[in-house]
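**Student:** Sequence first, then the predicted structure, then my questions.
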Amino acid sequence: MTFARIRPLRLRQKFLWLFLLLLSCVLALFLSLRNPAIGSERTEILWDSWGIPHIYGKDAEGLFQAFGWAQMQSHGDLILRLYGQARGQAAEYFGEKYLESDKYVRTMGIPRRASNWYEEQNPTMRRYLDAFAAGINAYAEEHAEQINDEVEQVLPVNGVDVLAHVQRVINFTFVVNRESVASLSSRRPAVGSNAWAVAPSHSASGNAMLLANPHLPWSDLFLWYEAQLTAPEIDAYGVALVGMPMLAIAFNNNLGWTSTVNTHDGWDAYELTLADGGYLFDGSVRPFETETQTLKVKQADGTQREEQLVVKRSIHGAIVGQKEGKAIALRVVGLEQPEIMGQFWDMARANNVSEFEAALQRLQLPMFNIIYSDRDGHILYLFNAQVPIHSQGDWKFWQGVVPGDTSATLWTKTHPYTDLPRVLDPPSGWLQNANDPPWTTTFPPALNPNDYPSYLAPRFMHFRAQRSARMLMESEKLSFEQMIADKFSSRMELADRILDDLIPAARQLGGELGKQAADVLEAWDRKADAESRGAVLFALWGQSMQPFNWFTTPWNEETPITTPDGLSDPATAVNVLKAVAVTVKSLYGLLDVPWGEVARLRYGKVDLPASGGPGLFGIFRVVDLVPATKGRFQQIAGDTYIAAIEFSNPVQAKVLLTYGNATQPGSPHIGDQLPLYARNELRPVWRTRKEIEAHLESRQVF
């Protein structure tokens, strides 16, 4: 080959390398515009005007550390108090009133199991947990003046503390809680949710949509924390339960999901017969595993007293009661699945339904229905749960105390993913769950309960779920705007079901007062909006009727959204209505007092008239109320985070965190979103750097 031929070849190679270099630069620029964290040498938090942190991590560890920092700025005192409780040392730090909490945490074995969980994490997730804890510590060190002196003694925290908190909240509050253990009933705190997934076939725009709407108490470990998490591996927006390092409800550019509390039996109580210092099991005596732990309790003068706690365990689990030759042992699912946060991380990074289900199939999350939508038009419902495999008994059997003297009742395995009720892309074009069993997630029904074990879930559909399904069925093509309007609906399904019988009965049997009450109920709009007149009278009547059998026709799974129906005892119903009418007149001066004068939204310094009410009346807009002063009521739980998402291009999303994104004293974001809720409004989501910087409150660079 001659020199003349070699030179052009080298020139072509040189130009090829220059072209490839230029192409790589353009590609890097494109990716950095899509995800500003890529290629960045720093991690930063952009705080918007609602106190939402938009975190751009130079890498995943930087992201987790900044997320810990951000949560401390918004909820520092609360997080440290919760972590102290998860250690089982809250009485040592904060005093006697936390002693029962410490006993529960220690009896359930949370601190020791959290250490085991930490060791079982894969090395990558362990680093992320450590980074989150490091962010908490770094904020507290740099801003010690912002942290209450009482909770500072919990510092420093570590990855084990993070997992102890996760375990206490998920396994030992949602799956089973201290009150349920004490009463051996399935009582839960005021927790619930609404969720919708709408397919393109049912959407006015032809795009899939998602409605997320959890209902939880407005305090303590139930609070949500809203954030955007962006790093080379992730760009997700949503909420985490306060103190947790990963989003539990979220969306990205391709998909989103929400969750609801499901009808899940995740714990069982076993009755043991005591014998010879142990208990009978399969015809022989087995010894208890016994351990004595020392609890410290802070006294009023600052000194510490010590108290001994004897923790006993059987083959079933921890002993939670003992009396008259019997003991009660508690068995709880999910204690050998330590990767809840890792699963959420993978769910938030998924790009399509296959990747999302691959994360779900790990079944690390012990409970909660999952409702999903994506850009490709898929919608998915999963009865996500670790469900014990039983060899006998139906749902009712496993709600009671079960004989524990034989291995025949002792479950040792849970159902695999393929056994769980699941619906993908139903013909109806929509999915809903309002804490009803999986069988009523869409109509026509996509699941047959007879195809599943009778212990898996009960059969019923309460009024709020009926209201949920009815609104979806009444809309042939649902728009994004209508979905938001439906979310704020306070119409009472119960009123629609019963007033056609109650009003004529009151006119016929109630005398003059009954006729006055009937007139009010006839004129009422059947809503619990702030200006609705008649809602107070009906709600107090409905509450007072709880002990009685109301309906002529009970709920029937063949007619699930039109039953129960018919007033079974009109005379009793009218007598109750008259008594309630006397009370309403006495307290408020008139029978048709506006709902918002009686029901109030109070949080921080905000006090507003409420729209919405208890879900037991079939209200989709849930506001759980407790008595306040002067005959008024105020919210204690209900609507928390609301997110309406349409998977258009770009994604359209509006959200609201009803009580605001902070509890730390002095924050301007305590209750600052509540006026929007009172006005039936959601906030636009700011996800691009341009949008965020246009509404920037502050910036933190690491």
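**Tutor:** That came in fine, so what should we check first?
**Student:** tell me which element the residue lying closest to Thr409 once chain neighbours are set aside falls in.
**Tutor:** Spatial nearest neighbour of Thr409, chain neighbours left out: Val402 (5.2 Å); criterion: C-beta to C-beta, 6 or more residues apart in numbering. All C-beta spots, glycine's among them, are computed from the backbone N, C-alpha and C. Element membership for Val402, per DSSP states H and E: strand 401-403.
**Student:** buried ones in the helix or strand that comes right after that strand?
**Tutor:** Once strand 401-403 ends, the next helix or strand along the chain (criterion: DSSP H and E) is strand 422-424. Under the neighbour-count criterion of 16 or more other C-beta atoms under 10 Å, strand 422-424 has Arg422, Val423 buried.
**Student:** quick thing: my sequence starts at 314, can you match it?
**Tutor:** Yep, numbering from 314; the last one is strand 735-737 now.
**Student:** so what strands line up beside strand 735-737?
**Tutor:** strand 692-695 (antiparallel) (DSSP bridges).
**Student:** taking the mean pLDDT, what do you get for the following helix or strand past the strand it pairs with?
**Tutor:** Counting by DSSP H and E, the next helix or strand C-terminal to strand 692-695 is helix 708-712. Mean pLDDT, helix 708-712: 95.
**Student:** which residues are contacting helix 708-712?
**Tutor:** Ser499, Asp578, Asp581, His703, Ser767, Tyr768, Leu769, Ala770, Pro771 (C-beta atoms under 8 Å, 6 or more residues apart in numbering).
**Student:** How about stretch 437-445?
**Tutor:** 373-375, 377-378, 380-381, 431, 434, 471-472, 475-476, 558, 652, 654-655, 658.
**Student:** now do stretch 779-787
**Tutor:** By C-beta under 8 Å, 6+ apart, stretch 779-787 touches 507, 509, 511, 515, 743, 745-747, 753, 755-756, 774, 791, 799, 802, 804, 806, 873-874, 931-933.
**Student:** what about it, average pLDDT?
**Tutor:** The average pLDDT for stretch 779-787 rounds to 98.
**Student:** what ranges of the stretch 314-463 of the chain fall below the confidence cut-off?
**Tutor:** 314-353 (pLDDT under 70).
**Student:** Quick one: list the elements packing against the helix or strand hosting Asp548.
**Tutor:** Taking DSSP H and E as the definition, one finds Asp548 inside strand 547-554. Packed against strand 547-554 by the contact rule (3 or more C-beta pairs under 8 Å, 6 or more residues apart in numbering; DSSP states H and E) you find strand 537-544, strand 562-564, helix 653-662.
**Student:** by how many degrees do the longest one and strand 547-554 diverge?
**Tutor:** Okay, so that is helix 653-662. 130 degrees (axes from the mean of the first three to the mean of the last three C-alpha atoms, to 10 degrees).
**Student:** now the very next helix or strand once past helix 653-662, how far from the chain's geometric center?
**Tutor:** Downstream of helix 653-662, the first helix or strand assigned by DSSP H and E is helix 666-673. Distance of helix 666-673 from the chain centroid (C-alpha atoms, centre = their mean, to the nearest Å) equals 20 Å.
**Student:** Can you name the residues in contact with helix 666-673?
**Tutor:** 568, 570, 656, 659-660, 662-663, 683, 685, 687, 689, 691, 693, 695, 697, 730, 737.
**Student:** What average pLDDT does it get?
**Tutor:** Here helix 666-673 scores 98 as its mean pLDDT.
**Student:** For it, buried residues please.
**Tutor:** Neighbour-count burial for helix 666-673 flags Val666, Phe669, Glu670, Ala672, Leu673 (criterion: 16+ other C-beta under 10 Å).
**Student:** what's the spacing between the residue most central in space within the chain and Ala503?
**Tutor:** Among the residues of the chain, the one closest to the centroid is Pro527, at 5.1 Å (C-alpha atoms, centre = their mean). Shown here: Pro527 relative to Ala503, a distance of 11 Å by C-beta to C-beta, to the nearest Å.
**Student:** same deal with Arg820?
**Tutor:** In this structure, Arg820 and Ala503 are 36 Å apart, going by C-beta to C-beta.
**Student:** for Leu359, same thing?
**Tutor:** With distances taken as C-beta to C-beta, Leu359 is found 34 Å from Ala503.
**Student:** Then His728?
**Tutor:** His728 is 29 Å from Ala503, where distance means C-beta to C-beta.
**Student:** again with Leu760
**Tutor:** 28 Å.
**Student:** Comparing these two, which residue is more hemmed in?
**Tutor:** Leu760 (20 against 17; other C-beta atoms under 10 Å).
**Student:** Checking my notes, the more buried one in a strand, right?
**Tutor:** No - Leu760 is assigned coil when assessed by DSSP: H, G, I helix; E, B strand; the rest coil, not a strand.
**Student:** about what we covered before: which residues are contacting the strand holding Asp548?
**Tutor:** Contacts of strand 547-554 (C-beta under 8 Å, 6+ apart): 347-348, 373, 376, 482, 534-543, 559-566, 569, 658, 661-662, 954, 956, 966, 970, 998, 1000.
**Student:** Retrieve the pLDDT associated with the residue nearest to Thr722.
**Tutor:** Each residue has a pLDDT score; the one for Val715 is 96.
**Student:** thinking it is in contact with Tyr583, fair?
**Tutor:** Yes - counting by C-beta atoms under 8 Å, Val715 does reach Tyr583; the two are 5.4 Å apart.
**Student:** hey, what's in contact with both of the two?
**Tutor:** By C-beta under 8 Å, 6+ apart, the residues touching both Val715 and Tyr583 are Thr722.
**Student:** what sits against the closest residue to Thr971 other than its chain neighbours?
**Tutor:** Nearest residue to Thr971, sequence neighbours excluded (C-beta to C-beta, 6+ apart): Tyr990, at 4.8 Å. Contacts for Tyr990 (C-beta under 8 Å, 6+ apart) come out as Leu914, Asp952, Leu969, Thr971.
**Student:** Could you do Val479 as well?
**Tutor:** Shown in contact with Val479 (C-beta under 8 Å, 6+ apart): Met557, Ile653, Met654.
**Student:** Tabulate these in CSV, adding columns for distance to Gly909.
**Tutor:** Formatted as CSV, those follow (distance: C-beta to C-beta, whole Å):
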residue, distance to Gly909
Met557, 34
Ile653, 40
Met654, 41
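**Student:** Quick one: mark the members of the contacts of stretch 779-787 that sit in strands.
**Tutor:** Among the contacts of stretch 779-787, DSSP state E puts Asn507, Trp509, Val511, Trp743, Gln745, Asn746 in strands.
**Student:** okay, now the first one: neighbour count?
**Tutor:** Meaning Asn507. 28.
**Student:** May I ask you to confirm that it is in contact with Leu523?
**Tutor:** No - assessed by C-beta under 8 Å, Asn507 is found out of contact with Leu523, at 11.6 Å.
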